[in-house]
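Peer 1: Pasting a predicted model and its sequence here:
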Amino acid sequence: MKKVYLSVIGFALICRLNAHAQTNQGTEKLPPLISLDTPPEDTSGYAARQLRLDEVDLVSSYYTQTGNHSAITGGIGTENVIDFSNGLDLHFAWEGNNRNKNTLGLGLGYDYHTSASSAYVTTSGNGKPDGTRVYPSLDWTVENAKTGNTFGLGAYYSGEYNYKSLGADMHFSIKTNDKSGEFGVKLQAYMDQVTLIYPSEFIPAIAPAPAGAMYITTASGNKVLSSGGSRTSKPSLPTSPRNTYTAAFSYSQIINSRLQIMVLGDLVTQNGYLGLTFHRVYFSNKKDTIEKLPSSRFKLPLGFRLNYFVDDDIILRTYYRYYMDNWGSNANTANLEVAYKISPFFSISPFYRYYNQSAAKYFAPYEVHSPTDTYFTSNYEYAKFQSSFYGVGFRIAPPGGVLGWQQFHDLELRYGHYSQTTGLASDVISVSIGLK
């Protein structure tokens, strides 16, 4: 189910980031392309500025998905999902006596989803899986007033019914002497705890009751340990660690007044329990088990971004990424977005993204895996497929504010349709509001 969140949240964030030509496909945030206009430094009559609320961003999206290859039922069955995603970002800024600019970002996200396939997930007596996710974040960045170099730290938390995640990052950027180029590094670490939720046929038996006592199953599904009616025991679900470490590198360069480029590269390593226990696999002998994947994984995505200003009214945003990992998957992503300014305050941005990937060596469809296989999964996230994602965005940013409200800086509406050759299809609509 995690890929649902990535699709919804990633699309919603694009609404904010594309408005400034600073997007990056994937889950990571990248350093922005350098502004074409660098104002001269003015030190006359300078006084330290107090902390102020600089910007507020609100994003809300609605996502629907259909398909017939659910990993919960072994690569067959419904993948229908509905998801509501909401995010709030507060940006604070202040300057010290050295004119270095400090920014503090506070974020809070909340998702709620319903999934038809969740009916086939048991929580070992803890009730139906909760379809909510909460993910606050914190980021602090300081920019050197003379050089334009930056340094920052970030922290993240994400929690839903089948995992809890803590994350932290350190990021910095260095600009060239003429400030036309910028090299950026971001080091991230995520420490997850995956809840081991088993299919009902594989739930480990609970410990025998003590002498003179017995377990009673209540209407809510809890096990009550009865010894004169005074002792109770609610089964607890075990967890397993999953750690992810990422080193992301980027270099952006202004070639001229019309052309900007960026080169991207990530090194990603994961270790721990990398599967999900409620993902079933059916062998060729008709017997089923839970998916089993290696306890480590290495990923290497390499990307290139090019933005070209055709004229004052048209901007071409292009992106290409090559991906490989040691599980045997290779992928290519190509993206094109054309931002057309219909008026000084209103723009339209059609976009198209093509993606293809080869299958991981541990994937096989329903009832194809051999019982002698060492690793096995029927999760179509690891299958061979091609996909298309296309849609359009509309953005208004009048100088007097939206609806005449000066603080209502901009409003953006985006719609996208996604389809895979596996039969998976989804639609997402997102609304983004910027307040200053």
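Peer 2: Structure's in. What do you need?

Peer 1: mind showing which ranges of the stretch 101-250 of the chain have poor pLDDT?
Peer 2: 122-130, 204-236 (pLDDT under 70).

Peer 1: Run through the helices of it in chain order.
Peer 2: Listed from the start of the chain, the stretch 101-250 of the chain has no helices (DSSP state H, counting those that start in this stretch) to report.

Peer 1: Could you pull out the strands in it for me?
Peer 2: Assignment of strands within the stretch 101-250 of the chain using DSSP state E, counting those that start in this stretch yields the ranges 101-115, 132-143, 150-160, 163-175, 181-195, 214-217, 223-226, 239-254.

Peer 1: Distance to S378 and mean neighbour count for those strands - can I get that in a markdown table?
Peer 2: Placement of C-beta: from N, CA and C, glycine included. Conversion of the strands of the stretch 101-250 of the chain to a markdown table gives the following (distance: least, Cβ to Cβ, whole Å; neighbours: other Cβ atoms under 10 Å):
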| stretch | distance to S378 | mean neighbour count |
| --- | --- | --- |
| strand 101-115 | 17 | 17 |
| strand 132-143 | 24 | 17 |
| strand 150-160 | 23 | 17 |
| strand 163-175 | 20 | 17 |
| strand 181-195 | 19 | 18 |
| strand 214-217 | 32 | 12 |
| strand 223-226 | 31 | 16 |
| strand 239-254 | 20 | 17 |
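
Peer 1: For V402, give me its contacts.
Peer 2: I396, F408, H409, D410, L411 (Cβ atoms under 8 Å, 6 or more residues apart in numbering).

Peer 1: W94 is in contact with Q50, correct?
Peer 2: Yes: checked against Cβ atoms under 8 Å, the pair Q50 and W94 is within contact range at 6.2 Å.

Peer 1: These two: which has the busier surroundings?
Peer 2: W94 (15 against 7; other Cβ atoms under 10 Å).

Peer 1: And the host helix or strand of the more buried one, what does it pack against?
Peer 2: Secondary-structure assignment from DSSP states H and E places W94 in strand 81-95. If contacts are counted by 3 or more Cβ pairs under 8 Å, 6 or more residues apart in numbering; DSSP states H and E, strand 81-95 sits against helix 2-17, strand 49-66, strand 101-115.

Peer 1: quick revisit: mind checking which of the strands of the stretch 101-250 of the chain is nearest N330?
Peer 2: Distance to N330, taken as Cβ to Cβ, is lowest for strand 239-254 among the strands of the stretch 101-250 of the chain, at 19.2 Å.

Peer 1: Sheet partners, orientation included, of that closest one?
Peer 2: Paired strands of strand 239-254, with direction, are strand 181-195 (antiparallel), strand 259-272 (antiparallel) (DSSP bridges).
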